[in-house]
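Peer 1: below is the sequence, then the predicted model.
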Amino acid sequence: MSTRTFGTATITTPDLDEPGLYLTNVSTLDNPRGALQDFTFGDADLRSLGLTDTQLITGRIHSVRAQRVEFESLNLHSVEITGSDLGAARWNESKLTRVVIRDTKLLGAALDGLVLDDVLFENCKLDYTTFTKVRSTGPVAFAGCIL
């Protein structure tokens, strides 16, 4: 695992390039079992992206553009989201652990009831984003973000 330090806060980030780790390309994040592990998903223009009661474990989401985003009880563990436009996402009652969100737009997003543990927002655009009942159980950093 790799770490990043911001002042006195040290954030553990996912190491998705470690030897022996193979991420499988998937065409959807939806899984009938409710869990997706060791995956990469990206280069997608979507009208709608909705996930409920889902766990995404050890994966990479990149270059996803979605007009409507709704996440409910979505738990991310060791996930990296990069270069995406998730617009006015509605993200409720979820937990993010060892997550990096980089170069991503969440303009006008509503983040409600999230639990954040070792989460890094880097170079993100979060204009008009609201954080309601968000709890931090570990370090959280906003580096180079527009809030």
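Peer 2: It's in.
Peer 1: and the residue nearest to Glu93 when sequence neighbours are not counted, what does it touch?
Peer 2: Leaving out its chain neighbours, the residue that sits closest to Glu93 by Cβ to Cβ, 6 or more residues apart in numbering is Gly113, at 4.3 Å. To be clear about C-beta, it is placed using only N, CA and C from the backbone, and glycine gets the same treatment. Counting by Cβ atoms under 8 Å, 6 or more residues apart in numbering, Gly113 touches Asn92, Glu93, Ser94, Thr132, Lys133, Val134.
Peer 1: a markdown table for the residues you listed, including pLDDT and secondary structure?
Peer 2: Shown next, in a markdown table, are those (pLDDT from 0 to 100; DSSP: H, G, I helix; E, B strand; the rest coil):
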| residue | pLDDT | secondary structure |
| --- | --- | --- |
| Asn92 | 97 | strand |
| Glu93 | 97 | coil |
| Ser94 | 97 | coil |
| Thr132 | 97 | strand |
| Lys133 | 97 | coil |
| Val134 | 97 | coil |
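Peer 1: give me the buried entries from those residues.
Peer 2: For the contacts of Gly113, a neighbour count by 16 or more other Cβ atoms under 10 Å gives the buried set as Asn92, Glu93, Ser94.
Peer 1: list the contacts of the second one.
Peer 2: Read it as Glu93. By Cβ under 8 Å, 6+ apart, the neighbours of Glu93 are Glu72, Ser73, Asp112, Gly113, Leu114.
Peer 1: and with 10 Å instead?
Peer 2: The contact partners of Glu93, taken as Cβ atoms under 10 Å, 6 or more residues apart in numbering, are Thr52, Asp53, Phe71, Glu72, Ser73, Leu74, Asn75, Asp112, Gly113, Leu114, Val115, Lys133.
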